[in-house]
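Asks: Only the shape, not the letters, is given here:
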């Protein structure tokens, strides 16, 4: 016997999610059906509510229930430094490190010709506009008035050490250099607690290339 | 910054599911929001449809979109043998082995005094009634007419090798013995492909206790 059709559809729906294999999908489906009705109602409501409320911030393209997002309107954030990330989850990872107090810009992906993603599919035009606020009148209107917004002087590229991350970093560096901002990229090398013996050779190459004079 | 509230609620909703930790919950939530609206609509529909359609079979208590379930009404299944399982996922596991062609009875759990689950919380009364169809007129009406339903002659307990599984097996054995049915329990021992060297001592004890004369 295979699963009864409505249950099979539910298992399939779970299996379409990333990181959910057939075993977990089945476990989740049976778990859902075992719970009181409130449970599934709450779950479905949380999903639909998030879809309705959460949208990309018009300034930095981070996902938020506010417009502009909590970070963009926070008066305690340093406005001269801009950290460029590929997507909102990367932004969260940087926030968790609690060492960066500037603003962000979410590209919405990385340049990847194989997947048909070129610079025009990413929020690169918007990034350039943010660095030249004079170019775009509507942008300055979106930020709360009464504050003084200093110009961005440093752009930190927090893009992953992959072919796509490297391509995007190179592209952005060339594009941003003429704008009189410092452009840097986060360091790659051995992770803290990592062992040289077990590090892969690509990571070690990066660690050697990025060596710092003491 | 923590997550924007509606997104945080969505991540929390995912995290309430079994086997979904904070990392996967966040990944699932962001994935959901990145998809076109159809995706979440389809997902939510599959869940709600399953909840509406899937119910315990009135005969064997397997979850099904039919009543009685696909197995109970299947004329090709052998009706003398009854396999007793703790829950519908265990039934699926036995079905996957493709060696049992009889019927099932889903207890809905195992006897566990610590969790306040006694025999009366399980479908044990219903099991006894199935073995004595004369006791219950409504039961015979639920099965399609026109077929001959032979009495059950063998009960196979497919309950897990845990304290609760052992307790439930012992309880059922004592209860069923007077009913003139053969009661057996599935074998426990080394899994196929398992190594003696790496087997835990409890499994090895079970394997020794269950040794078969050659």
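Replies: It's in. These figures come from a predicted structure and were not determined experimentally.

Asks: count of residues packed around residue A:202?
Replies: 10 (other CB atoms under 10 Å in any protein chain shown). From N, CA and C alone the C-beta is placed, and that goes for glycine too.

Asks: give me phi/psi at the residue nearest the centre of chain A?
Replies: The centroid of chain A falls nearest to residue A:87 when counting by CA atoms, centre = their mean (2.1 Å). Dihedral pair for residue A:87: phi -150, psi 170, per degrees, to the nearest 10.

Asks: Show the contacting residues for it.
Replies: A:106, A:107, A:108, A:109, B:30 (CB atoms under 8 Å, 6 or more residues apart in numbering or on different chains).

Asks: Strands of chain A, start to end?
Replies: Ranges of strands within chain A are A:55-56, A:63-64, A:81-85, A:103-106, A:154-157, A:182-185, based on DSSP state E.

Asks: For the longest one, the averaged confidence score.
Replies: The one in question is strand A:81-85. Mean per-residue pLDDT for strand A:81-85: 95.

Asks: What lies in contact with it?
Replies: By CB under 8 Å, 6+ apart, strand A:81-85 touches A:91, A:94, A:100-107, A:127, A:130-131, A:152-159, A:172.

Asks: Mind giving me the PyMOL select for these, buried ones only?
Replies: Buried residues among the contacts of strand A:81-85 (16 or more other CB atoms under 10 Å in any protein chain shown), as a PyMOL selection:
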select buried, chain A and resi 91+94+100+102+103+104+105+106+107+127+130+131+152+155+156+157+158+159+172
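
Asks: Surely residue A:94 and residue A:159 touch.
Replies: No. Counting by CB atoms under 8 Å, residue A:94 stays clear of residue A:159, with 11.3 Å between them.

Asks: still on that earlier bit, dump the contacts of residue A:87 into JSON lines; add pLDDT as well.
Replies: Listed next are the contacts of residue A:87 as JSON lines, based on pLDDT from 0 to 100:
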{"residue": "A:106", "pLDDT": "97"}
{"residue": "A:107", "pLDDT": "97"}
{"residue": "A:108", "pLDDT": "95"}
{"residue": "A:109", "pLDDT": "95"}
{"residue": "B:30", "pLDDT": "95"}
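
Asks: any idea which of these is the one closest to residue A:214?
Replies: The shortest approach to residue A:214 among the contacts of residue A:87 belongs to residue A:107, at 34.3 Å (CB to CB).

Asks: Do I have it right that that closest one meets residue A:120?
Replies: No. Using CB under 8 Å as the test, residue A:107 is too far from residue A:120 to be in contact (11.9 Å).

Asks: which outside residues touch stretch A:93-104?
Replies: Under CB under 8 Å, 6+ apart, the answer for stretch A:93-104 is A:60, A:62, A:71-72, A:76-85, A:91, A:152, A:154, A:156, A:158, B:1.

Asks: Need the per-residue pLDDT for residue A:205.
Replies: On the pLDDT scale, residue A:205 gets 87.

Asks: quick one: it from residue A:199, how far?
Replies: To residue A:199, residue A:205 is 10 Å away according to CB to CB, to the nearest Å.

Asks: quick one, helices of chain A?
Replies: Per DSSP state H, chain A carries helices over the ranges A:5-15, A:22-34, A:37-53, A:70-73, A:88-97, A:124-131, A:137-142, A:163-176, A:201-209.

Asks: by contact count, what packs against the shortest one?
Replies: Yep, that's helix A:70-73 we're talking about. Using 3 or more CB pairs under 8 Å, 6 or more residues apart in numbering or on different chains; DSSP states H and E, the elements in contact with helix A:70-73 are strand A:103-106.

Asks: Return the list of strands paired to the strand it packs on, each annotated with direction.
Replies: strand A:81-85 (parallel) (DSSP bridges).

Asks: quick one, the partner strand and helix A:163-176 angle?
Replies: Angle of strand A:81-85 versus helix A:163-176, following axes from the mean of the first three to the mean of the last three CA atoms, to 10 degrees, is 150 degrees.

Asks: buried set for strand A:81-85?
Replies: Of all the residues in strand A:81-85, those buried under the rule 16+ other CB under 10 Å are A:81, A:82, A:83, A:84, A:85.

Asks: again with stretch A:91-100
Replies: Within stretch A:91-100, the residues scored as buried using 16+ other CB under 10 Å are A:91, A:92, A:94, A:95, A:100.

Asks: Let me have these in CSV, extended by pLDDT.
Replies: Below are these laid out as CSV (pLDDT from 0 to 100):
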residue, pLDDT
A:91, 95
A:92, 93
A:94, 93
A:95, 93
A:100, 94
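
Asks: out of the residues you listed, which one sits closest to chain B?
Replies: Distance ranking of the buried residues of stretch A:91-100 against chain B, using CB to the nearest CB, places residue A:95 first at 5.0 Å.

Asks: got the contact list for residue A:124?
Replies: Listed by CB under 8 Å, 6+ apart, the contact set of residue A:124 reads A:107, A:171, A:172, A:175.

Asks: go again using 10 Å as the cut-off
Replies: Counting by CB atoms under 10 Å, 6 or more residues apart in numbering or on different chains, residue A:124 touches A:84, A:105, A:107, A:108, A:111, A:118, A:168, A:171, A:172, A:175, A:176.

Asks: per-residue pLDDT, it?
Replies: 96.

Asks: Repeat that for residue A:200.
Replies: For residue A:200, the predicted pLDDT is 89.

Asks: for chain A, where's the lowest mean pLDDT among helices and strands?
Replies: Ranking every helix and strand in chain A by mean pLDDT, DSSP states H and E puts helix A:137-142 at the bottom, with a mean of 59.

Asks: So what's the predicted local confidence for the nearest residue to residue A:10 once chain neighbours are set aside?
Replies: Of all residues not flanking residue A:10 in the chain, residue B:50 sits nearest, at 3.8 Å (CB to CB, 6 or more residues apart in numbering or on different chains). Looking at residue B:50, its pLDDT stands at 96.
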